[in-house]
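Participant: Quick one: sequence and predicted model below, then my questions.
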Amino acid sequence: MPSNGAPIGTPTKVTQGSKTKGGIGESTLRPDGTLKVTGEFAYSSDMWHEDMLWGQILRSTVAHAEIVSIDTIEALALPGVYAVMTYDDLPTDVKNYGLEIQDTPVLAHGRVRHHGEPVAIVAADHPETARRAAAKIKVEYRDLPVITDEASATAPDAILIHENRDDHHVGHVPHPNIVHRQPIIRGDVEEAAKNADFVVRGEYTFGMQDQAFLGPESGLAVPDEDGGVHLYIATQWLHSDLRQIAPVLGLPESKVRMTLSGVGGAFGGREDLSMQIHACLLALRTGKPVKIVYNRFESFFGHVHRHPAKLYYEHGATKDGKLTHLKARIVLDGGAYASASPAVVGNAASLGAGPYVIDNVDIEAIALYTNNPPCGAMRGFGAVQACFAYEAQMDKLADKVGMDRVAFRQLNAMEQGTVMPTGQAVDSPAPVAELLRRVKAMPMPPEQQWLAAGEAADVRQLPGGLSNTTHGEGVVRGVGYAVGIKNVGFSEGFDDYSTARVRMEVVGGEPVATVHTAMAEVGQGGVTVHAQIARTELGVAQVTIKPADTQVGSAGSTSASRQTYVTGGAVRNSCELVREKVLEIGRRKFGSYHPAWATAELLLEGGKVVTDGGEVLADLVDVLEGEFVEVEAEWRHRPTEAFDLRTGQGFGHVQYTFAAHRAVVEVDTELGLVKVIELACAQDVGKALNPLSVIGQIQGGTTQGLGVAVMEEIIVDPKTAKVRNPSFTDYLIPTILDTPTIPVDVLELADDHAPYGLRGVGEAPTLSSTPAVLAAIRDATGLELNRTPVRPEHLTGTA
Amino acid sequence: MDFLRPASWEEALAAKAEHPTAVPIAGGTDVMVEINFDHRRPEYLLDLNRIGDLEEWEVGEESVRLGASVPYTKIMEHLRGELPGLALASHTVASPQIRNRGGVGGNLGTASPAGDAHPALLAAGAEVEAESVRGSRLIPIDAFYTGVKRNALAPDELIRAVHIKKADGPQQYSKVGTRNAMVIAVCAFGLALHPETRTVRTGIGSAAPTPVRAKAAEEFLNAALEEGGFWDNGKIITPSVAKQFADLCAGACNPIDDVRGTASYRRHAVGVMARRTLTWTWESYRGTDGQTHQKGSVA
C-alpha cells in the first residue's frame, strides 16, 4: 500500500470472452508490416509538399566555446535562400526547451556546450542550397576548456556548464555540474559488512550507446492560415513535443497542430526534440512549408544517447552464499544538457541492486553535466548500466563463495513480497529464480557448428565470419548467465496517464469500432494491440485505428515499456465505457423483448449482444442503427511517489519486469573476435496480448543488448569532447550475421494491477543480454573485462 | 558540380584531360558516400557507367585482365579459380548490394589503406593499366600506392583495368573487423604461394599509411622454404618458422591508433593472420587439406 493511502489496484476481471476473432492473445499481423518489409511504408523523411523549402541546421564544430560572432550575410545572399535564423531571431522570451529542465537552447546563445550543438538554421529552395548556405555562415569561437568526466566536472575551479541553475534539483546536488543525485539507503551496510565472509569489489565502465534508429530525424512544418503551424513529425510523444514547441513559437498550443508521421524506430532517441522547433520557426518566418531531414552523420548529433557510466560496486556474502550488503556508486555522464538525466538517475539508483534480496544497501547515483554529447532516454534507461555491473559482481561473488553462478543467483533471487531497497514491496509475481531455471534448462547449441556441414569449416559459424580469420584455430566456447529488473511506466510520482477516444457505429452494414489515440507508433506494434483490445472488448471484427495526432488527448510517451499497459489500458477503459453505452441503447430499444437484458451479465461478441450464458439477444447492427457511441477518456495506472531525497525510500515504481538470458559465445582468443552463437531468453510478460510481437520485442531488445556488448559505442575524444565516429562505417550495429539464434521462453504470470495482467515487455531483454554476453566471453577467456563494449584489443592485451 | 557522361573510353580520356580535377565514378560506393556526407564537393564527376568494356574481363595465359568496374560479385562468381585471393577479399567487401556495384578500379582509385582488394593484389602480383590521351602504361602494384589515399596516377589518367597474375598455387585472405559482416577492415592480410617461382608474396591492409608487402617476411620464408627443400618434400612448416614469419609480418606494419583499433592490436592481428594463412595455404599446397575453400565463401 503506498503511503498516500491510495488503493494499489484490484484483480483484473476479464468479462469479455475470446469468441471474437483477432482479439487479445492472438498473433494478429501488423498493419504496417508488409509495407515496411517491401519498402512501401511512408516514413517522415518521405513527406513532400508543393512549394516546400528545405531546412538545414548549422552545428558547432567544437564542444565548448564562447561564440564571439556569427556572420550570416553571405549565406543570406545566396540565391534560393529564404531565411537564416540565429538566437537573435527567436520570436519570444522562451528560448530554451527540455523534457524536465528547460536548459537546452533552441539555438546557441553566446556559448556552445557540446560538439554539434545547433547554432543557426537556414531555409532554401533546395537541400543542397540550404547546406551551402549553412556552410557560408561564419561563426567565430573562442575555445573554453572541456569538461569530460567526474573529476573535471566537480573540480573546485570547474567551469559551470549551466550558471544560475534554478531547477528543482539544484538544492540537493553536491556540485552545480551534477544534474541530480539520488541515494538509496536501507538497513545498515557497515554493520552488515561485518557479517560478510566474502566481499567483492569492482569498477565497471559502460560505453556510450546510440539508439541507431534507421529512420533519421525528419519532419515537415506547414504554416496554417490562422497564423499557426501544422507539424508532421516522427516522435515518441506528440503532446510532450507540443508543450515544448508552442511557447518558443509564441503560439497557444491550439495553434500548433501535430500529426504523427512514419517513425523509423525510436528506442528513446525521439523523446527529446530534434528539428521540431527549427522547422516550425522557418515555416512561420517564410510562410512556406519547410521540411528537415537529417542525414546519418547529423543524426548522431541530433539526438541524445545512452548515458555512459562508471559504476563502483561492493557486495558481500556469507559463506552460505547469502548476500549481506551492497555499496554502489553510479556515475552517469549526462553531457551538456539535462534531457532525461534526473529520471535515469532515479532508475539507476532504485534498480541498482538488481533482482536480489539485499537488506542492507547504500547506493548513490548521480548524473554529470559535461561537454560530452547530451545523454538521455534509451531502452533500459539507467537499469541497463546497473545490470551490467551487478551481474558481473554476482559471478565474481558466486566464484568466491564456491557456488554455481546460477544457483547463487537463485538463492538470492527476489520474489513476490520482497522489499526493494526503496522500501517498496514487490506486489506481483517476480519469478527471478524460475526464469534462470528456464534459460539454464534449454538445450545447449551443439559444439563446433562450423564443422557440421562437412570437412571444411563454415566460416559463417565462426568468429570473424566471412572475413575468414579462423577455421577453428584459437576458438573457445563460453557460457554466461544474467538476469535483470526493469520498471514499467513513468515513476516517482509522475502523472502517467493516457487518453483514448473510441467510437462505435455501423458502417456498410457492419459494426465498426474506431480507436483514436495520440500514441506514437514507433514500430512497437501498439496499433496492432489497440485493434485487438477493441475487438475483444466490443466484439467487432472491424476496427479502424485513426492516425495519431494532437486532436485527441495525450497518450504519454512511447517509452518505459508503457504503451501496452497505459494506452492499452486507456483503450480498454474507453471500450468498456462504450460497451456500457451500447448496452444502454440495447436495453432501451430491445429490453422489453427478453428479460435477460435486465438480469444477465451481457457481453459483446462476434458482432452480437450475448448473455454470459451464450444466448444471443441482439445483433449490434440493430442496436446501433441510427446511433453512434463515442467516448474519450483518460486512464491512469495506480499512482507512484517520489523517492526521498536522502534515503531513496518511496513507492516509486508502478510495475517491475524481469528477464534472464543465457549467452553462448565462441571467442577467437588469439584475435579477440567474438561470435555470439545463441542468446536464450526467458521473460515474464504477465499476459502476451500479441505473442508474435512479444517475441519480436524480446529478440530485438536482446540484439540491442548484444550490440553494446561487442561493438556499439560512440567514441568521444577525451581531449576535445568531439565525437569521432558519427557514421555507420564506424558506429557498428549488429548485422543478421552477428545476430544469434534467440530461443524465447515466455511466462505469463498475471500482474493483477495491470490491464489483462500484462507486463511491459520492450526493455527488460535489453538489460540482461549485455552482461550475459560479457559473462560468456569472460568464461571463454578467463579475463576480467570490466567494460562494455568489449573490443578485440581488450581480449588480446593490446588495448 | 558538372556531371560528365562520356559515351566511350576515348571520350572519357578526353574529358579527364580537359578536366584533370574530375572525379571518376563507376559503382559510386566510395564517391557517393563522400558526397552525401559532404566530405567532398568535386567540381566535375566523370561517370564511367556508359563504358561497357570496363565491366568485362579476359582470362589470358598468364594473367587476368580485369576491367576496372567488374563488380566484386562477378569476381566471386566467375574468377575463384584464377584469382582465389581476390575472390576471398571480394567476399569481405561490405554487403551484397555494394558488391554488386563496387569494383577493384574504385578501390585503386581511392587508394585507401583499408581497401579490401589491395592485400590480395599485392600478394598475387598485379599491374594497373592506366591510360590518358597521352597513352597507356602498366604500373606495378608495388609502385602504385604512394601515400594515404594517394596513388601513382597522373591527373589526366584513368584506370582501365588491372592485370592480375593467375594463381599458380594456394592463396588466402583474412580480414579483421569488429563485426562478422559488412565491416571496414581494422587490418587485413593476403598471402599467395607461387610454386612456379618458389616464392611467396604478402599484402597487408590498414596497418600502414598505404597497403604494403611484408618483404622481409617474404624473403625469410622464401629462404627457409628453399633451404629445407620444402617446395619439393612438402614437409610441414615448423612452428618456429611460422612464428618468425608472423613476427616479420607484424614488423612490416606501421599502424596508428584510431577509432577502429589500436596500433598494437593491428600488429598483433597481422601476425596471427600471417601465421594462420601460411598454415592454410601450405597445408593446401601439401595436398593434405583438399578442401581449403570454406563453405561460407563459396558463391
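Facilitator: Nice, I can see it. Everything numeric in this text was worked out from a predicted model, so none of it was measured.
Participant: mind checking how far whichever residue of the stretch 151-299 of chain B sits closest to chain A is from A:Ile777?
Facilitator: Of all residues in the stretch 151-299 of chain B, the one sitting closest to chain A is B:Asn180 (3.4 Å; Cβ to the nearest Cβ). Any C-beta I mention is one placed from the backbone N, CA and C, and that applies to glycine too. Separation of B:Asn180 from A:Ile777 (Cβ to Cβ, to the nearest Å): 15 Å.
Participant: The nearest residue to A:Val426 once chain neighbours are set aside - how many residues pack around it?
Facilitator: Distances taken as Cβ to Cβ, 6 or more residues apart in numbering or on different chains put A:Thr418 closest to A:Val426, at 5.0 Å, once the chain neighbours are dropped. A:Thr418 is flanked by 18 other residues according to other Cβ atoms under 10 Å in any protein chain shown.
Participant: Could I get the contacting residues of A:Thr418?
Facilitator: Going by Cβ atoms under 8 Å, 6 or more residues apart in numbering or on different chains, A:Thr418 touches A:357, A:425-426, A:430.
Participant: ok so, going back, so the residue of the stretch 151-299 of chain B closest to chain A versus A:Leu462, what's the distance?
Facilitator: As defined by Cβ to Cβ, B:Asn180 lies at a distance of 9 Å from A:Leu462.
Participant: how does chain B divide into domains?
Facilitator: B:1-47, B:171-286 (automatic domain parsing).
Participant: Pass me the low-pLDDT residue ranges in the chain, would you?
Facilitator: Since you didn't name a chain, this refers to chain A. For chain A, applying pLDDT under 70 flags the ranges A:1-15, A:17-18.
Participant: meant chain B, my bad for not saying
Facilitator: In the predicted model of chain B, residues B:288-299 satisfy pLDDT under 70.
Participant: swap the cut-off to 90 and go again
Facilitator: Within chain B, the segments meeting pLDDT under 90 span B:1, B:33-34, B:36-41, B:180-181, B:287-299.
Participant: residue boundaries of the helices in it?
Facilitator: Assigned by DSSP state H, the helices in chain B fall at B:9-18, B:31-36, B:72-78, B:84-91, B:96-101, B:104-110, B:118-124, B:215-227, B:230-233, B:239-251, B:263-286.
Participant: Packing partners of the fifth one?
Facilitator: Using 3 or more Cβ pairs under 8 Å, 6 or more residues apart in numbering or on different chains; DSSP states H and E as the contact criterion, the neighbours of helix B:96-101 among helices and strands are helix B:72-78.
Participant: can I assume A:Val723 is in contact with A:Gly302?
Facilitator: No. The pair A:Val723 / A:Gly302 is not scored as a contact, 11.7 Å apart, by Cβ atoms under 8 Å.
Participant: if I look at these two, which residues touch both of them?
Facilitator: In terms of Cβ under 8 Å, 6+ apart, A:Val723 and A:Gly302 are both contacted by the residues A:Gly116.
Participant: pretty sure B:Val104 contacts B:Pro71?
Facilitator: No. Assessed by Cβ under 8 Å, B:Val104 is found out of contact with B:Pro71, at 9.4 Å.
Participant: Compare the two and say which is more crowded by neighbours.
Facilitator: Between B:Val104 and B:Pro71, B:Val104 has the larger neighbour count (other Cβ under 10 Å), namely 32 against 23.
Participant: Find the residue closest to that one in space, skipping its chain neighbours.
Facilitator: In space, and not counting its chain neighbours, B:Val104 is closest to B:Ala117: 4.8 Å by Cβ to Cβ, 6+ apart.
Participant: so how far is chain A from that neighbour?
Facilitator: The gap separating B:Ala117 from chain A is 14 Å, by Cβ to the nearest Cβ, to the nearest Å.
Participant: show me what contacts that residue?
Facilitator: Going by Cβ under 8 Å, 6+ apart, B:Ala117 touches B:86, B:89-90, B:93, B:104, B:107-108.
Participant: one more time with 7 Å
Facilitator: By Cβ atoms under 7 Å, 6 or more residues apart in numbering or on different chains, the contact list for B:Ala117 reads B:86, B:89, B:104, B:107.
Participant: Phi, psi for it please.
Facilitator: With angles defined as degrees, to the nearest 10, B:Ala117 sits at phi -80, psi -30.
Participant: Tell me how far it lies from B:Asn100.
Facilitator: From B:Ala117 across to B:Asn100, the span is 16 Å (Cβ to Cβ).
Participant: Nearest residue to the residue of the stretch 601-750 of chain A found nearest chain B in space, please, no chain neighbours.
Facilitator: Across the stretch 601-750 of chain A, the shortest distance to chain B (Cβ to the nearest Cβ) belongs to A:Leu737, at 4.0 Å. The shortest distance from A:Leu737 to any non-neighbouring residue, by Cβ to Cβ, 6+ apart, is to B:Ala181 (4.0 Å).
Participant: Taking the centroid of chain A, which residue is nearest it?
Facilitator: With distances taken as Cα atoms, centre = their mean, A:Arg379 lies nearest the centre of chain A, 3.3 Å away.
Participant: give me phi/psi at the closest residue to A:Gly760 other than its chain neighbours?
Facilitator: Distances taken as Cβ to Cβ, 6+ apart place A:Ser561 nearest to A:Gly760, at 2.8 Å, with adjacent residues excluded. Main-chain dihedrals, A:Ser561, degrees, to the nearest 10: phi 50, psi 30.
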